[in-house]
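In: Predicted coordinates and the sequence they were generated for:
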Amino acid sequence: MSSSSRMPIQVWILSLSSFAIGTAEFVIAGILSQVADTLGVTPGQAGNLITAYALAVVIGGPVLTLWLARFPKKRVLVGLMAMFIAGNLISAFATDYSMLLVSRVVAGLTQGPFYGIGAVVATRLVSDTQAGQAVGRMFAGLTLANVLGVPAGAWIGNRGDWHTTFLVVALLGGMAMVALSLMLPRDASGTASHGQPMGRQLAAFKNPQLLASLAITTLGWVGFMTFYGYIGPIAEHVAGFDRSSLSGVLVVVGLGLVVGNALGGRTADANLRWSLMGWPVAMIAALLAAGWLAPYKWPFLAAAFVFGITSFANVPSLQMRVMKHGQAAPELAATANISAFNIANALGGVIGGVVIDSSLGEAAIPFAAAIVPAVALLFIVSQEWRRPAADGTARLSI
């Protein structure tokens, strides 16, 4: 473990890996129309490429993590990145829809285990007082993917060919894999560790607080995708931005995500309980403000930026709570939390879609987005208010 106040370079390498994976996950949205035209499918069928990826994360992630728990973490992370590269290379050379669909599943299978195991590794590279910041730094790669990777990938795909976009993503994965191989420390034993039996890992989910933590993640995160997934139509049809300016709106929100991720890591380290309760309050307030200010272009943009801060500030504390109550099987618990995030993304997309297609329209989405997080806040308070202060997360060698 590092005793320095600075993050070890290994944490930043995990962030680079997170950046590559996050870009792969979301970049398809920016090239969806081109993919549909090239492969001769409808936009709805092309949208199934996003669904296939998410389902691979939700269902395949925990199963794969259970199997990988017996192996050294460094070897697992390098292997997952190799699998990620393979998936994106298949995408880059896909000649039909079925091949591309399979490639998205292959790439998606790596996300849950990598984020879950990587988050555990990140906390073990630093002191107890920096654990939340380490998780935040790792997930900063995901926020930067939304600010830089996705717009750049869409630009590459739409200016040239979408196959090139996936080649570039595979190249990013290759850089991350080499860095992981060179910089992550070896396991203390230097040999494969056999981990806990599968039954004992699954027994960790008998802990009601672990289940509560996963429920908190799902309920608390629904509001993010309800709003963020439909911010384009809101900005265009309610706030009055030109369609050509929407990428700029997304960059502003993405910058808020980066700031929020850093703030959330610090507050999670300072006081996990109050971080868990405080940031949902701030996100709900930001959503309500975005709803009220939506008819006014620049005030709405400012509210969207604040939303970016307050939404991603939740991520480190949500991940830390799961890891704290899932110490009996930390990698599996952390991976299950990634699945919880993706379930929330799916629910948020459904809620936003129902609202936008109703008579309420785009203007009602920010208000609808605040409802489920408000329920989550009540649940968080019920779980945290009377509970004793949390002990630090146990550290194990990697």
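Out: Nice, I can see it. Numbering: from 1, shown residues only.
In: what's the next secondary structure element after the helix or strand of the chain with the lowest mean pLDDT?
Out: Ranked by mean pLDDT, DSSP states H and E, the helix or strand of the chain with the weakest confidence is helix 198-203, at a mean of 68. The first helix or strand that comes after helix 198-203 along the chain, using DSSP states H and E, is helix 208-228.
In: measure Thr51 to Tyr115 for me?
Out: Distance, Thr51 to Tyr115, using Cβ to Cβ, to the nearest Å: 19 Å. C-beta: built from backbone N, CA, C; applies to glycine.
In: out of the two, which sits in the more crowded spot?
Out: Between Thr51 and Tyr115, counting by other Cβ atoms under 10 Å, Tyr115 is the more crowded of the two (29 against 13).
In: residues in contact with the more buried one?
Out: Contact analysis of Tyr115 by Cβ atoms under 8 Å, 6 or more residues apart in numbering lists Ser18, Ile21, Met138, Phe139, Ala334, Thr335, Ile338.
In: thinking the first one is in contact with Gly136, fair?
Out: What that stands for is Ser18. No: in this structure Ser18 lies outside contact range of Gly136 using Cβ atoms under 8 Å: 11.0 Å.
In: between those two, who's got more neighbours?
Out: When Ser18 and Gly136 are compared for neighbours, Gly136 comes out ahead with 32 against 26, by other Cβ under 10 Å.
In: returning to what we had before: out of the contacts of Tyr115, which is most surrounded?
Out: Highest count within those by other Cβ under 10 Å belongs to Thr335, 32 neighbours.
In: Contact partners for that one?
Out: Counted by Cβ under 8 Å, 6+ apart, Thr335 has contacts Gly61, Pro62, Thr65, Gly112, Pro113, Tyr115, Gly116, Ile117.
In: how about a cut-off of 10 Å?
Out: Taking Cβ atoms under 10 Å, 6 or more residues apart in numbering as the contact definition, Thr335 lies against 57, 61-66, 68-69, 111-120, 322, 326, 329.
In: and what of Ala107?
Out: 21, 24-25, 52-53, 56-57, 83-91, 166, 169-170, 173.
In: so what's it closest to, chain neighbours aside?
Out: Nearest residue to Ala107 in three dimensions, chain neighbours excluded: Gly87, at 3.3 Å (Cβ to Cβ, 6 or more residues apart in numbering).
In: Correct me if wrong: the one you found contacts Leu101.
Out: No: with contact defined as Cβ atoms under 10 Å, Gly87 does not count as touching Leu101 (11.4 Å).
In: which one of these two has more residues nearby?
Out: Shown here are Gly87 and Leu101; by other Cβ under 10 Å, Gly87 has more neighbours (26 against 20).
In: hmm, who's touching the strand or helix carrying Ile234?
Out: Per DSSP H and E, Ile234 falls inside helix 231-237. Residues from elsewhere that reach helix 231-237, judged by Cβ under 10 Å, 6+ apart: 29, 227, 239, 241-243, 245-250, 252-253, 290-291, 294, 297, 300-301, 304, 307-308, 352, 356, 361-366.
In: List only buried entries from these.
Out: With burial judged by 16 or more other Cβ atoms under 10 Å, the buried subset of the contacts of helix 231-237 is 29, 227, 239, 241, 249-250, 252-253, 290-291, 294, 300-301, 304, 307-308, 352, 356, 362-366.
In: In three-state terms, label the one residue sitting closest to the centre of the chain for me.
Out: Closest to where the C-alpha atoms of the chain average out (Cα atoms, centre = their mean) is Leu142, at 6.1 Å. Classification of Leu142 using DSSP: H, G, I helix; E, B strand; the rest coil returns helix.
In: which residue sits closest to it, ignoring its sequence neighbours?
Out: Nearest to Leu142 is Gly22, by Cβ to Cβ, 6+ apart, at 4.0 Å.
In: again with Val150
Out: Of all residues not flanking Val150 in the chain, Phe26 sits nearest, at 4.8 Å (Cβ to Cβ, 6+ apart).
In: That neighbour: how many residues sit nearby?
Out: The burial count assigned to Phe26 is 17, neighbours taken as other Cβ under 10 Å.
In: Quick check: which element contains it?
Out: Using DSSP H and E, Phe26 maps to helix 9-30.
In: again with Ala179
Out: Assigned by DSSP H and E, Ala179 falls within helix 162-183.
In: so how far is that helix off the chain centroid?
Out: For helix 162-183, the separation from the chain centroid amounts to 19 Å (computed by Cα atoms, centre = their mean, to the nearest Å).
In: Mean confidence (pLDDT) on it, please.
Out: Mean pLDDT, computed over helix 162-183, is 93.
In: try stretch 308-326
Out: When pLDDT is averaged over stretch 308-326, the result is 87.
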